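Participant: The amino acid sequence is not available; the structure is as follows:
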């Protein structure tokens, strides 16, 4: 069994955030296919064994079940040294950006994508407009932050980059955002992350195949 | 000048999360009144000096400006030892719950309250229903987790408790949730947190007065 078993699938950008770390750090890992779409995470047996919150990713290592991509990335950076901040001041910035990602950015951006492309019954258009508006507001803030910067914090890639970039490689048909056309700083930075060792597109790096958007 | 200056106001449960820590740990701190309602955080000069993300709380200490309540709490726990987890395994759980709070709980719960009680122009009812539904789903998960537990992680209060409890003391007229009536485990746990040293209601502990809900 690999040292790290990453439960999730390619459609989950949060799973992909952790996969990028494991691959680029050259750790001994394997993906374990779990499909939210097929209801795997609603199964009480799965929840009891892996995560009562019913979320992926779950990183299984040494008998521990780590969840919440931001917490997993912090744990991995501290325990392996990879993608950790260079200084205490940078570390505070890294924590801040990971919290912001979860609190203000990924939640809107990924929820909008999920409902737009993959929800069997999408919410009313008013909700979609709301989600997209908040995602756009925060995407704009990230675009502005990246002006003149190579990485989100300091002068090397950290877990803040891996967290924030997690949903940037999915196609505009899924997300409703054309990153290449409208967010040049984010697009260039995404390509820098994609040049890290072992990087593959989420639909190649993780199991589950390439989904077909429902609309 | 105090060692810690906490920029925010009583209406912000995220500011209150940090205030509870500073008070209970007996640290040298003072609140600095910033009103989101009055537009203070939209002022470019304020953003340049305190936080380009335009968010409160900001914790000013030793020339540093820390933001995102979850990141601030992690920083304070590590640097002071107060409300830190007792073991490495507990620490991973604490991180998980703080990330979950920001990613899945507080964002819905506080956004619903903000729009319901304080937004000059509230979003369409479909959006309110959406926000409330997600807040309720995650409130239920927290209620279930607290069954038979005294604290969120381990057998002592940690920053996970201070983070998750941040919005629990606001009245049902603001939040749309009657915690005492409908979530007995959360209500009892909230009272345990309220017994910590220096605890006061957010509208007493922080500046800005008691707001009148707009509807």
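Facilitator: Sure thing, it's come through. Note that the coordinates shown come from a computational prediction; the quantities given were computed from them, not determined experimentally. Residues are numbered from 1 along each chain as shown, chains lettered A, B, ... in the order given.

Participant: from here on, contacts and neighbour counts on C-alpha atoms
Facilitator: OK.

Participant: What is the burial count for residue A:23?
Facilitator: Using other Cα atoms under 10 Å in any protein chain shown, the number of residues around residue A:23 comes to 18.

Participant: Any part of whichever strand or helix holds it near chain B?
Facilitator: Element membership of residue A:23, judged by DSSP states H and E, is helix A:13-24. No - with Cα under 8 Å from any Cα of the partner chain as the criterion, chain B is not reached by helix A:13-24; the gap is at least 11.4 Å.

Participant: do stretch A:33-43 and chain B meet at all?
Facilitator: No - Stretch A:33-43 lies out of reach of chain B by Cα under 8 Å from any Cα, never closer than 13.1 Å.

Participant: quick one: contacts of that stretch?
Facilitator: A:7-9, A:46-47, A:54-56, A:206-208 (Cα atoms under 8 Å, 6 or more residues apart in numbering or on different chains).

Participant: sorry, back to before: tell me the helix or strand right after the helix holding residue A:23.
Facilitator: Counting by DSSP H and E, the next helix or strand C-terminal to helix A:13-24 is strand A:29-33.

Participant: what mean pLDDT does that following strand have?
Facilitator: Averaging pLDDT along strand A:29-33 gives 98.

Participant: quick one: is the longest helix along chain A near chain B?
Facilitator: Secondary structure assigned by DSSP state H gives helix A:125-145 as the longest helix of chain A. Yes - for helix A:125-145, a contact with chain B is found by Cα under 8 Å from any Cα, at A:126-127, A:130, A:141.

Participant: which element follows that helix toward the C-terminus?
Facilitator: Counting by DSSP H and E, the next helix or strand C-terminal to helix A:125-145 is helix A:159-164.

Participant: what's the burial count for the closest residue to residue A:150 other than its chain neighbours?
Facilitator: With Cα to Cα, 6 or more residues apart in numbering or on different chains as the criterion, residue A:150 has its nearest non-adjacent residue at 6.7 Å, and that residue is residue A:189. Residue A:189 has 21 neighbours, counted by other Cα under 10 Å.

Participant: residue contacts, residue A:168?
Facilitator: For residue A:168, the contacting residues are A:179, A:190, by Cα under 8 Å, 6+ apart.

Participant: scratch that, residue A:59 is what I was asking about
Facilitator: Counting by Cα under 8 Å, 6+ apart, residue A:59 has contacts A:4-7, A:65-67, A:72.

Participant: Assign a three-state SS to it, would you?
Facilitator: The three-state label given to residue A:59 by DSSP: H, G, I helix; E, B strand; the rest coil is strand.

Participant: Compute the distance between it and chain B, please.
Facilitator: Residue A:59 is 12 Å from chain B, where distance means Cα to the nearest Cα, to the nearest Å.

Participant: before we move on, the earlier item: just the buried ones from the residues of helix A:125-145 next to chain B?
Facilitator: Among these, those classed as buried by 16 or more other Cα atoms under 10 Å in any protein chain shown are A:127, A:130.

Participant: Distance to residue A:31 for the residues of helix A:125-145 next to chain B - can I get that in a markdown table?
Facilitator: Converted to a markdown table, these look like this (distance: Cα to Cα, whole Å):
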| residue | distance to residue A:31 |
| --- | --- |
| A:126 | 37 |
| A:127 | 33 |
| A:130 | 34 |
| A:141 | 33 |
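
Participant: so which of the residues of helix A:125-145 next to chain B would you say is closest to chain B?
Facilitator: Here the nearest of those to chain B, counting by Cα to the nearest Cα, is residue A:127; it sits at 5.1 Å.

Participant: How about the residues of chain A by chain B?
Facilitator: So far as Cα under 8 Å from any Cα goes, chain A lies against chain B at A:53, A:66-68, A:70-72, A:75, A:92, A:95-96, A:99-100, A:102-104, A:107, A:124, A:126-127, A:130, A:141.

Participant: circling back: what's in contact with the longest helix of chain A?
Facilitator: Under the contact criterion Cα under 8 Å, 6+ apart, helix A:125-145 has outside partners A:104-106, A:108-109, A:111-112, A:115-116, A:152, A:183-186, B:53, B:124, B:126-127, B:130.

Participant: Between helix B:125-145 and it, find me the angle.
Facilitator: 80 degrees (axes from the mean of the first three to the mean of the last three Cα atoms, to 10 degrees).

Participant: mind listing what residue A:61 touches?
Facilitator: A:3-5.

Participant: what's across from it in the sheet?
Facilitator: residue A:64 (DSSP bridges).

Participant: Now do it against residue A:5, distance only.
Facilitator: 7 Å (Cα to Cα, to the nearest Å).
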